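1. Build the 3D model from these lines:
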Amino acid sequence: MKQEGDLARLTETFCVPNYRPLPVIVSRGRGVWVWDVYGKRYLDMSSCYSVLNFGHRHPRIEKAFIRQVKRLGVFSRAFHNDQLGPFSKELADLCGQEVAIAPKVLPMNTGVEAVETTIKAARRWGYQVKHVEEEKAEIIVCDNNFHGRTTTVIGFSSYEKYRDGFGPFTPGFPSIPFNDIRLLEAAISPNTVAFLVEPIQGEGGVHIPWRGYLKKAQEICKRNNVLLIADEVQTGLGRTGLTFAYQHELVYPPDLLILGKALGGGVYPVSAVVGSRNILGLLGPGSHGSTFGGNPLACAVAREAIRVLVDEKLSENAWQVGYYFLQRLKELENPSIKEVRGRGLMVGIELRKEVDTARSFCERLLNEGILANESRDCVVRLTPPLTITKKEIDWAVERIKRVLKDNAV
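-> Coordinates of the predicted model:
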């Protein structure tokens, strides 16, 4: 254990303790599996919060990364490159934006950068198109949201731990309960320019709205000349069994779609906003930018990730295997479990607080060879790579069952 202890001490000594990792030091991965520094194997049911939808070291994505980095890596947007145009078209096509909408793609690096981009775009649209009074634009958000950790974004979080000690915060973000259409309609004012929502609240505990919520929200937004912004950083690119989670309800895409995490294929940070020319086209030269956003390496990796998603039918696998996973978990009868919920391969086990905590449950899963994340205090989030098989699900369920049995009350 000396090697593990030395590496942990190095991290604790020199790295800011803004995370509380589980006691394992991972050194390599392949597919749905990772190995620690001693060679012990673990099933990765965290997928780095959906970054690893394609699994670890997917051979096609890995080859695309190596091929591109040997030609050209990072390059300035002050010049054209041969990957950005094809990436933009292929992503717009994947998003299903109608030709009449004239889709535009704005590449960034991280999910929260893409969220900040939509905030700027929506506000500019509000002033220049909707003619909201300057400095008065408002964007409605939902309680229990998670859109990232910049100061603007944590300012409209309802989770006090994210906000404590970081104010003052940016005004203009009225918050309403998630999954409440009546309060959405009541919150809209002449200054409202957008409604920013996650189709499923992942970090908030895998909360799924009632069927029809997004459809009604889109109708209300259109009726009131308000933009609908869907944050699919975690739910997008096959995670819920369709290419995008909004497709479970909406016929037409949201006005602005935020993507990230899996877009980088698990090897490079890539995010993007996709939306109408009438909105994103308002961001002209000098109004917004990113040193790394849209660089050739990022675009080449994302292009291959999109092709792998389609060619390997990973959305379909997420739907079929995810349904099987949910049914197996719902068959587990244990007083520790309050509820099992999910869609596709985005699954949450809510524990009874008086019986167990998500952190201790994840620690015991670790001992059984499963990596999982806690979401808030009482939800264990299980989001394996979309390449997982039913046989591997069975392997995991047996170990989850063992942890529950050991914790029986």
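
2. alpha carbons only for contacts and neighbour counts from here, please
-> Fine.

3. Sticking with residue 303, tell me its helix or strand.
-> If you go by DSSP states H and E, residue 303 is part of helix 296-311.

4. same question but for residue 118, I mixed them up
-> Assigned by DSSP H and E, residue 118 falls in helix 111-128.

5. Just list what the helix or strand following the helix holding residue 303 packs against, helices and strands only.
-> The helix or strand immediately downstream of helix 296-311 is helix 314-330, counting by DSSP H and E. Here helix 314-330 touches strand 337-343, helix 390-406, going by 3 or more Cα pairs under 8 Å, 6 or more residues apart in numbering; DSSP states H and E.

6. Report the distance from the first one to the chain centre.
-> On the basis of Cα atoms, centre = their mean, to the nearest Å, strand 337-343 is displaced by 19 Å from the centre of the chain it belongs to.

7. tell me the mean pLDDT for that strand?
-> Mean pLDDT, strand 337-343: 96.

8. Contacts for that strand next, please.
-> For strand 337-343, the external contacting residues (Cα atoms under 8 Å, 6 or more residues apart in numbering) are 206-208, 240-241, 319, 322-323, 326, 329-330, 347-352.

9. what do you get if the cut-off is 6 Å, keeping everything else the same?
-> 240, 347-352 (Cα atoms under 6 Å, 6 or more residues apart in numbering).

10. Present those as a markdown table; the columns should include distance to residue 224, secondary structure and neighbour count.
-> Listed next are the contacts of strand 337-343 as a markdown table, based on distance: Cα to Cα, whole Å; DSSP: H, G, I helix; E, B strand; the rest coil; neighbours: other Cα atoms under 10 Å:
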| residue | distance to residue 224 | secondary structure | neighbour count |
| --- | --- | --- | --- |
| 240 | 29 | coil | 28 |
| 347 | 34 | strand | 27 |
| 348 | 34 | strand | 26 |
| 349 | 37 | strand | 25 |
| 350 | 36 | strand | 25 |
| 351 | 40 | strand | 22 |
| 352 | 41 | coil | 16 |
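
11. so where is this structure shaky, pLDDT-wise?
-> Residues of the chain that meet the criterion pLDDT under 70 lie in 1-4, 97-101, 407-409.

12. Domain-wise, how is it divided?
-> Segmentation of the chain into domains, based on automatic domain parsing, reads 2-57+313-406, 62-311.

13. In the stretch 1-150 of the chain, mark out all the strands, start to finish.
-> 26-30, 33-36, 41-44, 103-108, 138-142 (DSSP state E, counting those that start in this stretch).

14. Give the other helices and strands that the second one contacts.
-> Looking back up the chat, that one is strand 33-36. With contacts taken as 3 or more Cα pairs under 6 Å, 6 or more residues apart in numbering; DSSP states H and E, strand 33-36 sits against strand 26-30, strand 41-44.

15. cool, the longest one as well?
-> Under the contact criterion of 3+ Cα pairs under 6 Å, 6+ apart, the helices and strands touching strand 103-108 comprise strand 271-276.

16. and the strand it packs on, how far from the chain's centre?
-> A distance of 14 Å separates the C-alpha centroid of strand 271-276 from that of its chain, computed with Cα atoms, centre = their mean.
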